[in-house]
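Visitor: just need the structure, nothing else, for what follows:
(4 chains)
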There are 2 protein chains.
Amino acid sequence: MPIDWEQLRIEQPALGPIPVILRDAARIRVFKKGQLLYRRGQLPEAMLCVLSGEIRLVRHAPGGAEIVLQRSRSGFVAEASLDAQTYHCDVVAATDGRLLLFPRFAFQAALENEPVFNRAWINLLAREVRRLRAKGELLSLNSAAARILHYVEAEGSDGAIILNQTRKSWAAELGLTHEVLYRTLRQLRERGGITIEGERITLCAPRVPYDPDHPGEKDQSGWDPLPQMPGGGGASPAGGIDGPDQPRRPGRREQSGG
Amino acid sequence: MPIDWEQLRIEQPALGPIPVILRDAARIRVFKKGQLLYRRGQLPEAMLCVLSGEIRLVRHAPGGAEIVLQRSRSGFVAEASLDAQTYHCDVVAATDGRLLLFPRFAFQAALENEPVFNRAWINLLAREVRRLRAKGELLSLNSAAARILHYVEAEGSDGAIILNQTRKSWAAELGLTHEVLYRTLRQLRERGGITIEGERITLCAPRVPYDPDHPGEKDQSGWDPLPQMPGGGGASPAGGIDGPDQPRRPGRREQSGG
DNA sequence: GGTGGCATATGATTCAAATCACACGCTGGG
DNA sequence: CCCAGCGTGTGATTTGAATCATATGCCACC
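Guide: Residues are numbered from 1 along each chain as shown, chains lettered A, B, ... in the order given. Take a look at the predicted model:
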């Protein structure tokens, strides 16, 4: 099956720097939901890039509970297996989909022989580190408002963002229910902390309303339009090695087997 | 000030592969709490490795709220600035401490001229991606018990782990308060889901107790010793692009300015 | 020995997100 | 046109973690 690299490059810009020699070695693999693609302990033979569907790296706890270590619906996954002797977990298909496989030896050779590709790979990894670190910070925030603020500031420009997804999927990205996202957006809007124009969300500086009828009076509403962000005092988000200023709140509903 | 590389290598194994030419170019910079080390928009001139203290990458929202994008108490930070034209945020010292600086041009040269270092850097980034992805999965879990299970399975071996930190700092790493960590550990222990021997924590398979006095009866406690892990049905942790099976619960206490 | 600081641990209360329930609008397919 | 599915949005209730409060033990320092 020939691979339409022009189309792939459009769907996944990260594939742009893949050199010709690696393209020629690549293969597409179709997978079905539930399929075990690679077993823990197995020698990795390919680098994996998800084209469609979802791939997960999982381990099984005693009793069979499934621990998801990574998941991807698009882009590379299990990057660390480039030089690993074995997979440290199972590679499982969570849905139907397609994988782009690069033989590992060819990937390694390309990193050695193609300086442009080498640098591009380093950049891709470094940017993923950056993205994941910001995400970890966001997920460590305790309130919905703080998360919204963090997201708009971090992902947008100049305190504004144009959303390119549904509110529901945005809520998921923020680790929130859609209900609390709607509520919090409304609260923030009503308090003047943000403005919403269609898909554009803009953070606003706190207003100190000047009422010409009552000069000298300040807004006594007792509530800033934007939440104060925690962490100023030295908070370490989850993963820190010292005490938390503001530890994370995980969910509820232990989903017991009872 | 000469740099004791033997000592550094012990403290930070990641510095092991740094080639001599880079070592010779490295400098130690002492920083004070509150110091602005690099300003957003500035051209990055060095790669940064935190030796002590804490460094943060921050942006400021309208109104002055500080958005933490990354933080590090040990190891590299702002890796993506290797090829960036500008810093996309401020680099700030959250505490007193020390930074190891590698001139960017020297770092780039070493990546080009030292194949062993090049490969080591790629590995370091890939492993950091792996670590951060697992952390994101953990932080997306809703319950304390699920987080504990995830951590032990992901960070330990064969369903067991020997903790090398205080319970308090472990709680922070899990994004929990220490109170809920203690409680949940006790619950899990009482239900036979885990065993705790000093610093060693082991996951146990669920028991179906066989009571010889009442053959045929099953445990009716209504509660599995280990929590069922969410996500089996296709959950996408925060950051996903589709709906959540189990969105994250951020904290409470908006820390309003009121 | 006394004191302070911090870790370990527990109980009571508070709190905001999750959950549950529902309404309405839009779109695609029959 | 009707229906199903999904997004947008809101209100009521439940829930488990966060917060608050406290006790005890350990260790370092004076």
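Visitor: which residues does A:G159 contact?
Guide: Applying C-beta atoms under 8 Å, 6 or more residues apart in numbering or on different chains, we find A:G159 in contact with A:V152, A:E153, A:T202, A:L203, B:A61, B:P62. In this view, the C-beta of every residue, glycine as well, is placed from N, C-alpha and C.
Visitor: would you list those residues in CSV and tack on neighbour count and secondary structure?
Guide: Converted to CSV, the contacts of A:G159 look like this (neighbours: other C-beta atoms under 10 Å in any protein chain shown; DSSP: H, G, I helix; E, B strand; the rest coil):
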residue, neighbour count, secondary structure
A:V152, 20, helix
A:E153, 25, helix
A:T202, 16, strand
A:L203, 24, strand
B:A61, 20, coil
B:P62, 19, coil
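Visitor: so which of those are also by DNA strand D?
Guide: Filtering the contacts of A:G159 for proximity to DNA strand D by C-beta under 7 Å from any atom of the strand leaves nothing.
Visitor: nearest to B:G198 among the residues you listed?
Guide: Distance to B:G198 across the contacts of A:G159 (C-beta to C-beta) is lowest for A:E153, with 43.7 Å.
Visitor: you'd agree that closest one is up against B:R59?
Guide: Yes. The criterion here is C-beta atoms under 8 Å, and A:E153 meets it with B:R59 at 5.3 Å.
Visitor: what's the overlap in contacts for those two?
Guide: When contacts are counted by C-beta under 8 Å, 6+ apart, A:E153 and B:R59 have B:I67 as shared neighbours.
Visitor: can you name every helix or strand that the helix or strand hosting A:R56 contacts?
Guide: A:R56 is located in strand A:55-60, with elements delineated by DSSP states H and E. Under the contact definition 3 or more C-beta pairs under 8 Å, 6 or more residues apart in numbering or on different chains; DSSP states H and E, strand A:55-60 sits against strand A:66-72, strand A:90-93.
Visitor: and the next helix or strand past the last one?
Guide: Same thing as strand A:90-93. That would be, after strand A:90-93 and using DSSP H and E, strand A:97-103.
Visitor: list the buried residues for that next one?
Guide: Within strand A:97-103, the residues that count as buried by 16 or more other C-beta atoms under 10 Å in any protein chain shown are A:G97, A:L99, A:L100, A:L101, A:F102.
Visitor: contacts for it next, please.
Guide: Strand A:97-103 has contacts (C-beta under 8 Å, 6+ apart) with A:3, A:8, A:15, A:18, A:22, A:25-31, A:37, A:45-55.
Visitor: measure A:Q70 to chain B for me?
Guide: A:Q70 is 4 Å from chain B, where distance means C-beta to the nearest C-beta, to the nearest Å.
Visitor: for that residue, give the beta-bridge partners.
Guide: Note on A:Q70: beta-bridge partners A:L57, judged by DSSP bridges.
Visitor: wait, doesn't it sit right on B:R133?
Guide: Yes. Using C-beta under 8 Å, A:Q70 is in contact with B:R133, at 4.4 Å.
Visitor: so where do the strands sit in chain A?
Guide: Applying DSSP state E to chain A gives strands spanning A:27-31, A:36-38, A:46-52, A:55-60, A:66-72, A:75-77, A:90-93, A:97-103, A:160-162, A:194-197, A:200-203.
Visitor: next up, the contacts around A:T184.
Guide: So A:T184 contacts A:A144, A:A145, A:I148, A:L176 (C-beta under 8 Å, 6+ apart).
Visitor: state the pair within those that is farthest apart.
Guide: In the contacts of A:T184, two members sit farther apart than any others by C-beta to C-beta. They are A:A145 and A:L176, at 10.4 Å.
Visitor: is stretch A:140-149 up against chain B anywhere?
Guide: Yes. Against chain B, stretch A:140-149 shows contacts by C-beta under 8 Å from any C-beta of the partner chain at A:S140, A:L141, A:N142, A:S143, A:A144, A:A145, A:A146, A:R147, A:L149.
Visitor: narrow those residues to those that are buried.
Guide: Neighbour-count burial (16+ other C-beta under 10 Å) applied to these gives A:S140, A:L141, A:N142, A:S143, A:A144, A:A145, A:A146, A:R147, A:L149.
Visitor: restrict the residues you listed to those near DNA strand D?
Guide: Answer for these near DNA strand D (C-beta under 7 Å from any atom of the strand): A:N142.
Visitor: lowest-confidence entry in the buried ones among the residues of stretch A:140-149 next to chain B?
Guide: Least confident entry in these, by pLDDT: A:N142, with 88.
Visitor: quick one: mean pLDDT for stretch A:90-110?
Guide: On average, the pLDDT along stretch A:90-110 is 95.
Visitor: please state the offset of that stretch from the chain centre?
Guide: Remark: stretch A:90-110 is offset 20 Å from the chain centroid, using C-alpha atoms, centre = their mean, to the nearest Å.
Visitor: gap between the two ends of that stretch?
Guide: The first and final residues of stretch A:90-110 sit 26 Å from each other (C-alpha to C-alpha, to the nearest Å).
Visitor: what do you get for stretch A:92-105?
Guide: First-to-last residue span, stretch A:92-105, C-alpha to C-alpha: 22 Å.
Visitor: so is that stretch next to DNA strand D?
Guide: No. Judged by C-beta under 7 Å from any atom of the strand, stretch A:92-105 stays clear of DNA strand D, getting no closer than 13.3 Å.
Visitor: what angle do the longest helix along chain A and strand B:66-72 make?
Guide: Ordering each helix of chain A by length in residues (DSSP state H) puts helix A:115-139 first. Helix A:115-139 runs at 120 degrees relative to strand B:66-72, counting by axes from the mean of the first three to the mean of the last three C-alpha atoms, to 10 degrees.
Visitor: list the buried residues of helix A:115-139.
Guide: Going by neighbour count (16+ other C-beta under 10 Å), the buried part of helix A:115-139 is A:117-139.
Visitor: which secondary structure elements does it contact?
Guide: helix A:104-113, helix A:144-155, strand B:66-72, helix B:104-113, helix B:115-139.
Visitor: just put the contacts of A:G159 in TSV and tack on pLDDT and distance to B:R189.
Guide: Shown next, in TSV, are these (pLDDT from 0 to 100; distance: C-beta to C-beta, whole Å):
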residue	pLDDT	distance to B:R189
A:V152	95	42
A:E153	94	42
A:T202	93	50
A:L203	92	46
B:A61	88	43
B:P62	83	48
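Visitor: for the residues you listed, give me a markdown table that also has distance to DNA strand C.
Guide: Below are the contacts of A:G159 laid out as a markdown table (distance: C-beta to the nearest atom of the strand, whole Å):
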| residue | distance to DNA strand C |
| --- | --- |
| A:V152 | 16 |
| A:E153 | 17 |
| A:T202 | 21 |
| A:L203 | 17 |
| B:A61 | 17 |
| B:P62 | 20 |
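Visitor: the worst-scoring helix or strand of chain A on mean pLDDT and chain B in contact?
Guide: One helix or strand of chain A scores below all others by mean pLDDT, DSSP states H and E: helix A:5-11, with a mean of 87. No. Helix A:5-11 does not reach chain B (C-beta under 8 Å from any C-beta); its nearest approach is 13.2 Å.
Visitor: residues making contact with that helix?
Guide: A:L15, A:G16, A:I18, A:R23, A:L51, A:S74, A:L100.
Visitor: so which of the strands of chain A is nearest B:G193?
Guide: Per C-beta to C-beta, nearest to B:G193 of the strands of chain A: strand A:66-72, 14.0 Å.
Visitor: quick one, the closest one and strand A:55-60 angle?
Guide: Orientation check (the same axes, to 10 degrees): strand A:66-72 against strand A:55-60 gives 160 degrees.
Visitor: how big is the angle separating strand A:66-72 from strand A:46-52?
Guide: Going by the same axes, to 10 degrees, strand A:66-72 makes 80 degrees with strand A:46-52.
Visitor: show me what counts as buried in strand A:66-72.
Guide: Buried residues in strand A:66-72, defined by neighbour count with 16+ other C-beta under 10 Å: A:E66, A:I67, A:V68, A:L69, A:Q70, A:R71, A:S72.
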